[in-house]
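**Q** please work out how this folds:
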Amino acid sequence: MRVILHIDVNNAFLSWTALYLLEHGSKYDIRDSFAVVGGDESRRHGIVLAKSMKAKKLGIKTAETLTSARKKCKALSIYPPNYKYYQKKSNQLFKLLSEYTPDIEIASIDECYLDFTNISWIYNDPYEFAKMVQKRILDELGFTVNIGIANNKLCAKMASDFEKPYKIHTLYEYEVKDKMWPLKVGDLFGIGKASTEKLNKIGINTIEDLANADVKKLYPYFKNQSARIIEMAHGIDNSKVDSSEFIPKGISNEMTLPRDVDSIVEIKKYLLELSELVGKRIRKEKKYASVICVIIKDSFFKRKSHQKKLINATCSSKEIYENAVQIFKEFWDLKPIRLIGIRLDNLNDTNYYQQSIFEQKNVDKLDDVVDLINQKYGKNTIKSASVNNVKM
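**A** Residues are numbered from 1 along each chain as shown. Below you'll find the predicted structure:
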């Protein structure tokens, strides 16, 4: 019988930001303060990407605007995301885990699935193995993880979310009815807000209700996915741990969203954050992209992407954002998404601007100056007006 572990970093962005600050001379751990990781507070569209437990207790939520968060806590400290460092810590985590088995599927920058089946003869007890791995991550890398243990990926993911932080939970097949069925139907991994509202509307409020539902009752609302979500409520998942290495092309950044999102307004906020991140990176490389690709993963883990070839290669955050929004609208099927990313491809050392070379060079120089000032004096010192004025 298969045994799968889901390993999830507790509050990754805040924990990793705290480690970075401690490594660079900070005298206190921001995990113990009123702190959030977020975008630029000077922009009304800057959002909370991660929050400390103290901030959470004041009602601050992931994805709300920093302006709103500040109203809830006047003493709130806001730290910019450091994706380069996050990737470093992520790589360290996956490298450590790969010492035990190559059967690892990276789900996002801060979570993965590990197939314990083929190494069970070495380590015998998966719970004791999880305790050993959990302690080693804390001792060697400085942050905590939750680990879920189950017979498939779905239940392992559910188990890792039962209680946080720094916990280990099991959800084997024989435990599904006792541990999973009493939960609200919206707690079932893969069931987003919109789906929860539809299910509640027809009297399905718990996972047990869904498990015992008639597929005919669901079909008007979920069509061909009806049978699948009933299977999920029974803890059935036959998908394999996919350890094939994903090699990113060009320059890219992805975000696993704090919950499944189906609001275009909220999705645009994430696209704006991502556009600024990849824009800054490509300008640092002194490159121009002639292809922009938007990547999404829906609530059923289906990953898909859509791209556009530009007439004029660009390194402008504003142009990346505007194109990304257009691309997203072209291929989004309105289903809730749990991950979104932007990738810049076909990178060139020069850009061939068909209308006014002088005009585009000045835009590029302005972006370079903004990046330089922010690097020297802090991320929030100055922002390009073109990005500040992007309409949501």
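**Q** point out where this protein drops to low pLDDT.
**A** 41-45, 245-249, 351-392 (pLDDT under 70).
**Q** what residue lies at the spatial centre of it?
**A** Central residue of the chain (CA atoms, centre = their mean): Thr256, 1.4 Å from the mean position.
**Q** so that residue touches Ser90, yeah?
**A** No - Thr256 is not in contact with Ser90 according to CB atoms under 8 Å; the separation is 11.5 Å. From N, CA and C alone the C-beta is placed, and that goes for glycine too.
**Q** and stretch 165-174, C-alpha only, in CSV?
**A** Only the C-alpha atoms of stretch 165-174 are listed here, as CSV (Å, rounded to 0.1, in the frame of the first residue of the first chain):
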residue,chain,number,x,y,z
PRO,A,165,2.3,25.0,13.1
TYR,A,166,5.0,22.3,13.4
LYS,A,167,2.6,19.3,13.5
ILE,A,168,2.4,15.9,12.0
HIS,A,169,-1.0,14.3,11.2
THR,A,170,-2.1,11.1,9.5
LEU,A,171,-5.2,10.6,7.3
TYR,A,172,-5.1,7.0,6.2
GLU,A,173,-7.9,5.4,4.3
TYR,A,174,-9.5,4.0,7.5
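**Q** who touches that stretch?
**A** Applying CB atoms under 8 Å, 6 or more residues apart in numbering, the external contacts of stretch 165-174 come out as 10-11, 127, 130-131, 134, 138, 144-151, 155-156, 158-160, 162-163, 179-180, 235.
**Q** buried sites along that stretch?
**A** Neighbour-count burial for stretch 165-174, counted by 16 or more other CB atoms under 10 Å, picks out 167-172.
**Q** need the residues you listed in a markdown table with distance to Ser195 and secondary structure, can you?
**A** Output for these, formatted as a markdown table (distance: CB to CB, whole Å; DSSP: H, G, I helix; E, B strand; the rest coil):
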| residue | distance to Ser195 | secondary structure |
| --- | --- | --- |
| Lys167 | 27 | coil |
| Ile168 | 29 | strand |
| His169 | 24 | strand |
| Thr170 | 26 | strand |
| Leu171 | 21 | strand |
| Tyr172 | 26 | coil |
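**Q** dump the residues you listed to a markdown table, plus distance to Leu96.
**A** Shown next, in a markdown table, are the buried residues of stretch 165-174 (distance: CB to CB, whole Å):
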| residue | distance to Leu96 |
| --- | --- |
| Lys167 | 19 |
| Ile168 | 17 |
| His169 | 21 |
| Thr170 | 22 |
| Leu171 | 24 |
| Tyr172 | 26 |
